[in-house]
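>>> model this:
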Amino acid sequence: MFDAFEADDLQQWGYAQATLKPLASRFEHATSLPVVVVTGTTTGIGLHTAAMLAASGLFRVIATMRPSSLPTGEPRLRELVQRYTESGNTVTTTTTTRKVASADALRVCALDVTSEASWKALATQLPGPERRVDVLINNAGYGVSGSTEQVTVEQAQQLFDTNVFGVMRGVQVLAPYMRAQSKRNQAQGLYTVLIQISSLAGLRAVPFSDLYSASKFALEGLTEAMRYSLEPFGIRCICVNPGPVRSAFSTRFGIASRDRGCRQIPDEDPLVKHKLDTMHDLFVRDLAERMASAEVGQSSAQVAVSIVQAVVDGLSLSEAPSLHYGTSPVVDETIRCLRTDPAARTSEPYRRFWDAVARAQKQATDTAGMP
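Have a look, this model is predicted:
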């Protein structure tokens, strides 16, 4: 079952600790350690990211989740933090981090990213009189599958309200605190960091993810543009781009639009709907196969290691880090092909997508008995 603890989670935790080690000496004598806010920590990528950062003892983590998810989500997160902490590996053994790891490493808070009031309430829970926040990881989001004609405007509005406007609200509320913290961090040669969990679908549109791709493209554009207004004040901006991930998010994605009352296409030709449904079904099956593939599908913990790397680089690199952090060879290939493949047909994932569309169209025509 997706989002269950996987066999290699502790191995990934070891990789995360190796990534974090360069920060240990920087924080050894710190009286107050960096504060990281992570949204969408109930399951999957957000769950493992928050757990790794909290278990390291190098951060104070504020993990957020929807109010309705707290009864099940908080125990799951604390269990994973304990599992990582007790694994026998430690990033550092300084007195300071031991104290933080045992006492104040993790705080779980309710947050509805679609509510500005909820974001403002979260700000009041930031630690210290200065309301410190060094890293904001916008992970909360969901997907709706289906072609543009099959998704309702209401579905699209709700999707953007979480995936794009939810990020916008968070930046508007927390950026002032991040600017102030960046000034304080300058003495240590550190910065503050805004990390968006984007997607492969934010780099190249994925079949039958029209509105989800649109929301991630919007997030990419928003983040790239924000660099001009935020980085001069010491706030670095990074997009982390996962590909297929074994998670409850991916499981729900393939059938989301049909479960939520998808729009029926008013077309007189029955073959149109038949072809669209056949192509959609094939895409959903292909996505499931790719997630299950050891060569392509990643665990949530694997993606979390890439996010940890982005946190380290954003906080500490002397030069601004890359805008895009791919989490797998599939995504890295897509990033390399962005400018050399304008039609999005030659890189492996997209060549495969186009082949699948052709097969599905033929299959639909054959089963409908059409010439």
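>>> OK, contacts around Ala110?
64-67, 70, 118 (C-beta atoms under 8 Å, 6 or more residues apart in numbering). Every C-beta, even on glycine, is put in place using the N, C-alpha and C of the backbone.
>>> no wait, Ile197
Shown here is Ile197, whose contacts under the criterion C-beta under 8 Å, 6+ apart are 40, 45-46, 137-139, 141, 240, 242, 307.
>>> Kindly provide the distance from it to Leu271.
Plainly put, Ile197 is 39 Å away from Leu271 if you go by C-beta to C-beta, to the nearest Å.
>>> and what of Ser69?
Applying C-beta to C-beta, one obtains 42 Å for the distance of Ser69 from Leu271.
>>> Val36 now?
With distances taken as C-beta to C-beta, Val36 is found 52 Å from Leu271.
>>> Between those two, tell me which one has more neighbours.
Legend: neighbour count by other C-beta atoms under 10 Å for Val36 and Leu271, higher for Val36 (24 against 14).
>>> is it true that the more buried one touches Leu58?
No. Applying C-beta atoms under 8 Å, one finds Val36 not in contact with Leu58, separated by 9.5 Å.
>>> burial measure for Glu74, as a count.
In terms of burial, Glu74 registers 18 neighbours under the definition other C-beta under 10 Å.
>>> Is it within a helix or a strand, and which one?
Secondary structure from DSSP states H and E places Glu74 in helix 70-85.
>>> Can you tell me what sits against that helix?
Outside of helix 70-85, the residues within contact range by C-beta under 8 Å, 6+ apart are 5, 9-10, 13, 41-43, 47-48, 50-52, 54-55, 63, 65, 101, 105-106, 108, 110.
>>> Drop the exposed ones from the residues you listed and show what's left.
Buried subset of those (neighbour count, 16 or more other C-beta atoms under 10 Å): 9, 13, 41-43, 47-48, 50-52, 54-55, 63, 65, 101, 105-106, 108, 110.
>>> Against Glu86, how distant is Lys216?
In terms of C-beta to C-beta, Lys216 sits 36 Å off from Glu86.
>>> Compare those two (neighbour count), which wins?
Between Lys216 and Glu86, Lys216 has the larger neighbour count (other C-beta under 10 Å), namely 27 against 9.
>>> Give me the nearest residue to the more buried one, chain neighbours excluded.
In space, and not counting its chain neighbours, Lys216 is closest to Gly202: 3.1 Å by C-beta to C-beta, 6 or more residues apart in numbering.
>>> For Glu220, see how far away that neighbour is.
Look at Gly202 and Glu220: by C-beta to C-beta, they are 5 Å apart.
>>> anything in contact with each of these two?
Cys239.
>>> So for those two, which sits in the more crowded spot?
The residue with the greater number of neighbours, taking Gly202 and Glu220 and applying other C-beta under 10 Å, is Gly202; the counts read 26 against 20.
>>> and Gly143, how many neighbours?
Around Gly143 there are 22 other residues, counting by other C-beta under 10 Å.
>>> where exactly do the strands run in the stretch 51-200 of the chain?
Per DSSP state E, counting those that start in this stretch, the stretch 51-200 of the chain carries strands over the ranges 60-65, 106-110, 135-138, 192-197.
>>> Quote the end-to-end distance of stretch 186-206.
Start-to-end span of stretch 186-206 (C-alpha to C-alpha, to the nearest Å) is 41 Å.
>>> Give the buried residues for that stretch.
For stretch 186-206, the neighbour count (16+ other C-beta under 10 Å) marks 190-206 as buried.
>>> Could you do stretch 137-144 as well?
By neighbour count on 16+ other C-beta under 10 Å, the buried set for stretch 137-144 is 137-141, 143-144.
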